[in-house]
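Chemist: task: produce atomic coordinates for the following.
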Amino acid sequence: TKSTSTTATAPAATTNDNNTVNLLTTFIRLLDTADIEAHVSDDILQSMWDKWTMLATLAGATCLMKATLGEIVSTKYGSNFVQTLFRECCAVAHAEGITVSNEAMFQRLTSDRQSIIKASMCRDMEGGGPTEADHVLGDLILRAAHHNIATPTLSIAYARLEIYEAQRQQVAGAAVGT
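Modeler: Reported below is the predicted structural model:
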């Protein structure tokens, strides 16, 4: 059992590229010694979109609600809210040519009312630190707009993070001025 849930995904090498295969094998062994779960992906774009849709959903939900996933899905409409976020993220992926493949895992996560999962972005907010809102949520929203896809729930979560970042900058500016 690994001590972290971080997964590093490396692109698969062609079978004719022994140097790359050896390098990836060595790299994965090093990650394993650091208790980081890693594997070689046969389709790096699929792996990246699977991770991105999951991360954006979890970050959007836990940052907006300032709660764990279990606390959110334990409410009357929480599970529907999280599923709506996930569907919006998947719609963007689909428009980009990717069918998200982690839906079964997502359904298991969102049915666990005891889940203590909270996005690291939410923990960043709790600690007063910067977030990756522009990269994780903002970029998805830009891609959605490019494809004329409505993402109202994702946009609300992003607006919350924009407010947080503005308030954080205001506090930092006030601290410099004192």
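
Chemist: now the most centrally placed residue in the chain: which helix or strand?
Modeler: Centroid-nearest residue in the chain, with Cα atoms, centre = their mean: Leu55, separated by 1.2 Å. Using DSSP states H and E, Leu55 maps to helix 44-65.

Chemist: in that helix, which residues are buried?
Modeler: Across helix 44-65, burial judged by 16 or more other Cβ atoms under 10 Å covers 46-47, 49-50, 52-65. Backbone N, C-alpha and C define where each C-beta goes, glycine included.

Chemist: how about the residue nearest to the centre of the chain: what's its closest non-neighbour residue?
Modeler: Counting by Cβ to Cβ, 6 or more residues apart in numbering, Val136 is the residue found nearest to Leu55 once chain neighbours are left out, at 5.9 Å.

Chemist: burial count for that neighbour?
Modeler: 20 (other Cβ atoms under 10 Å).

Chemist: for it, give me its contacts.
Modeler: By Cβ atoms under 8 Å, 6 or more residues apart in numbering, Val136 lies in contact with Trp52, Leu55, Ala56, Ala59, Met121.

Chemist: in CSV: the residues you listed, plus pLDDT and distance to Asp112.
Modeler: Below are the contacts of Val136 laid out as CSV (pLDDT from 0 to 100; distance: Cβ to Cβ, whole Å):
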residue, pLDDT, distance to Asp112
Trp52, 95, 22
Leu55, 95, 18
Ala56, 97, 19
Ala59, 97, 18
Met121, 97, 20
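
Chemist: okay, those in JSON lines with distance to His146 next?
Modeler: What follows is those, written out as JSON lines (distance: Cβ to Cβ, whole Å):
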{"residue": "Trp52", "distance to His146": "16"}
{"residue": "Leu55", "distance to His146": "20"}
{"residue": "Ala56", "distance to His146": "16"}
{"residue": "Ala59", "distance to His146": "21"}
{"residue": "Met121", "distance to His146": "23"}
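
Chemist: and which of the residues you listed is nearest to Leu109?
Modeler: The closest of these to Leu109 turns out to be Leu55 (Cβ to Cβ; 12.1 Å).
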